[in-house]
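J.: sequence plus predicted model, see below.
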Amino acid sequence: MLTTDRISGAVLVLFASGVIWESRSLPLGSLRQPGPAYMPVLLALILLVFGLLIAGAGGRAAPLASISRREWRHAAAILVVSVFAALGMERLGYRLTVLMMLVFLLKCVERRSWALTITLALAIAFGSFYLFYTLLRVPLPIGPMGI
Amino acid sequence: MLETLQNLYLGFSVALSPVVLLYAFVGCIIGTLVGVLPGVGPLAGISLLLPVSFGLDATSAVVLLAGIYYGAMYGGSTTSILMRIPGEAASVMTCIDGYAMTRKGRGGPALAIAAVGSYIAGTASVVGLMFLAPPLARFALRFGPPEYFALLVLGLLVLAFMSGGSMRKSLSMAALGLLFGMIGIDPMTGFFRFHYGLVELGDGIGVVPVAVGLFGLSEILLTAGQEKPPEVIKPRLRELLPSRQEWRDSTWPIARGTLLGFLIGIIPGSAHIISSFVSYAVERRLSKHPERFGQGAVEGVAGPESANNSATSGAFVPMLALGVPSGPIPAVMLAAMMVHGISPGPLLIQQQPELFWGFIASMYVGNVVLLILNLPLVGLFVNVLRIPYALLYPAILVFCVLGVYAVNGSVVDVGIMSAMGALGYGLRKFDFETAPIVLGLVLAPMIEMSFRQSLSMSSGSYAIFFHRPISLVLLLVALGFILLSLRTLFTRVAEWRRKLGLEGEGEIKEPGKI
């Protein structure tokens, strides 16, 4: 039976194997003089052993189907917004990016009124910019047309 | 003793002068405000405001910066408790039970306990700093790479042994965190490891994007889409203060956290970060009800917060007594002192007693100012929870993005935060703890560096770890923990063999005894 521990243990084993594979381009060194790949390979081997132990002893863990997936659409939308922030901030500027993030979350995801959405989005985007950029002098990206 | 008290009198006459007092107050206010903003922690706060102190006299400048440091450390716990956003690694453990208390409507008491715990720990560790600074600093300097490696290995094992959940899972997460810490330029050879074309990864993955992603963002991902959104908590005035039981439960954790934090804080390097992790693990292990941890146990806030603050003072010991900064923040403070023509070290106490003792006395004053400042602010901060979650989380997300970006001015950090948010979401679904990842990430460069430096010192001989007394003792204690953890394995094997009838044949079992 597929259980949560079997799946997570298998994922850890896969990840550890990937790290060992990726480390092959770096010098391993020797026991007496460890190279840059020594520690990553050692740690990946430790992780691999733990992954096997977790998967091996995972027969009695909760079945995979028991994990609730009700909120995944919401979570995916928020994650997309977060990735958008990473991609858009230096291209669109801080204020425009935050404005778009908030409009999407408040209007499309939370289905709030336009008035509330626009008021909150403008207040947070421009208010936080003023606080950080102007008052605290934290360098934030400026977008096209100086916005 | 009498001489120390006389010196302290001199210190208080400096610290209680209206101008110095004003700077302590201003420093604490700025620090608290800076600390409340996620991502802008004490280091960024002090660095940003360092130029402001140039125009002041030496004592006022140091007192102002120390106030910012203290204030920012406390301000960081506010976001951890109310929103599950740790501003820095030291606040990670406060997130767990502090936020759980907030969800139960006990955010006010959590903030109050954090303030009082920080005050007691801060004051007590200043007393320690006053009496023990020179001898402790000399002991701390005996920590070379082998001792440091042994200490960090012991720290990781203690945490895994004392964590409440599955030890296998905790250790696997620590290993994952250590692996994340391997990303970046290898300091010994200059090889760029696992960079995939991203130059920004040269310095490795930052702690702030990982901590904010694993804790803050994953919480938003898990909570925002729930069919029944989190209740809007309307705190009443009398519920802002801890109950008698909560005070009682916090007394010993505060005392233990203070001692642990101070001892860990004096060790050079960034070992003070682990003080809050160790304190949490100790409290969970010592508790009669460890199952309450993670569900809103006040001990889980009191211990780590006290340890964190106590380590802050402990970190000043090597800086003041020997001129050796024990981390990035004391290093910036050291730079600030040098700008004013002060060179910290053994001669500072003799040559400029009014500055040294004024600084010590200003720490007492700073702690009182913080308490006076923060207790009334608890009510103000808790009011944030009146906002419905559907409106609150977009704002929290914006502050997470902003705070993470502000640390290095890098969008790669925002990307890392997003990836860590997704990872934290998945791990929490699969019942893994995420705090060991942060700890592993913090310790990885230090463990690797001290391990390889030790081997370079000994021309590749592993005997160096056993020839030096401090390192040997630490490793023996670590071995003890490994054996203790194996005990349960042996018990299980013995039980299994008994069940199969391989052991105990011929023995007459007493009724009711297995």
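T.: That came in fine, so what should we check first?

J.: care to break chain A down by domain?
T.: Chain A breaks down by automatic domain parsing into domains covering A:4-66, A:72-146.

J.: just the helices in chain A please.
T.: For chain A, the helices defined by DSSP state H occupy A:4-22, A:38-56, A:72-92, A:94-103, A:114-129.

J.: please work out which of those is packed deepest.
T.: helix A:94-103 (a mean of 23; mean count of other Cβ atoms under 10 Å in any protein chain shown). Placement of C-beta: from N, CA and C, glycine included.

J.: residue ranges of the strands in chain B, please?
T.: Secondary structure of chain B by DSSP state E: the strands cover B:184-185, B:192-193.

J.: can I get those strands in CSV including mean neighbour count and distance to chain A?
T.: Below are these laid out as CSV (neighbours: other Cβ atoms under 10 Å in any protein chain shown; distance: least, Cβ to the nearest Cβ, whole Å):
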stretch, mean neighbour count, distance to chain A
strand B:184-185, 18, 9
strand B:192-193, 18, 6
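
J.: could you dump the helices of chain A into a markdown table and include mean pLDDT?
T.: Formatted as a markdown table, the helices of chain A follow (pLDDT from 0 to 100):
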| stretch | mean pLDDT |
| --- | --- |
| helix A:4-22 | 94 |
| helix A:38-56 | 94 |
| helix A:72-92 | 93 |
| helix A:94-103 | 96 |
| helix A:114-129 | 94 |
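
J.: out of the ones you listed, flag the one nearest B:Ala494.
T.: helix A:38-56 (19.4 Å; Cβ to Cβ).

J.: tell me if the closest one is near chain B.
T.: Yes. Using Cβ under 8 Å from any Cβ of the partner chain, we find that helix A:38-56 touches chain B at A:Met39, A:Pro40, A:Leu43, A:Ala44, A:Ile46, A:Leu47, A:Phe50, A:Gly51, A:Leu53, A:Ile54.

J.: for those residues, which one is nearest B:Leu347?
T.: Nearest to B:Leu347 among these, with distances taken as Cβ to Cβ, is A:Met39, at 40.3 Å.

J.: for that closest one, which non-adjacent residue is closest in space?
T.: B:Glu448 (4.8 Å; Cβ to Cβ, 6 or more residues apart in numbering or on different chains).

J.: count the neighbours of residue 130 for me.
T.: I went with chain A, as the question did not name one. For A:Tyr130, the neighbour count with other Cβ atoms under 10 Å in any protein chain shown is 12.

J.: actually it's chain B I care about, not the one you picked
T.: Counted by other Cβ under 10 Å, the residues lying close to B:Met130 total 20.

J.: for it, give its distance to B:Tyr364.
T.: Between B:Met130 and B:Tyr364 the computed distance is 10 Å (Cβ to Cβ, to the nearest Å).

J.: ok, B:Ser410 next?
T.: Applying Cβ to Cβ to B:Ser410 and B:Tyr364 gives a distance of 39 Å.

J.: hang on, the earlier thing: distance to A:Val19 and mean pLDDT for the strands of chain B - can I get that in JSON lines?
T.: As requested, the strands of chain B are arranged in JSON lines below (distance: least, Cβ to Cβ, whole Å; pLDDT from 0 to 100):
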{"stretch": "strand B:184-185", "distance to A:Val19": "14", "mean pLDDT": "92"}
{"stretch": "strand B:192-193", "distance to A:Val19": "10", "mean pLDDT": "92"}
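
J.: for B:Val19, find the nearest of the ones you listed.
T.: That would be strand B:184-185 among those, by Cβ to Cβ, at 44.6 Å.

J.: which strands or helices does that closest one pack on?
T.: strand B:192-193 (3 or more Cβ pairs under 8 Å, 6 or more residues apart in numbering or on different chains; DSSP states H and E).

J.: please name every helix or strand in contact with the strand it packs on.
T.: In terms of contacts (3+ Cβ pairs under 8 Å, 6+ apart), strand B:192-193 is packed against strand B:184-185.

J.: tell me the strands beside the strand it packs on, with direction?
T.: Its sheet considered, strand B:184-185 pairs with strand B:192-193 (antiparallel) by DSSP bridges.

J.: what sits up against the partner strand?
T.: A:Leu26, A:Pro36, A:Ala37, A:Pro40, B:Met182, B:Ile183, B:Gly184, B:Ile185, B:Asp186, B:Leu201, B:Gly202 (Cβ atoms under 8 Å, 6 or more residues apart in numbering or on different chains).

J.: these two touch, right, the fifth one and B:Ile447?
T.: No. Counting by Cβ atoms under 8 Å, B:Met182 sits too far from B:Ile447 to count as a contact (10.3 Å).

J.: more neighbours: these two, which one.
T.: Shown here are B:Met182 and B:Ile447; by other Cβ under 10 Å, B:Met182 has more neighbours (25 against 22).
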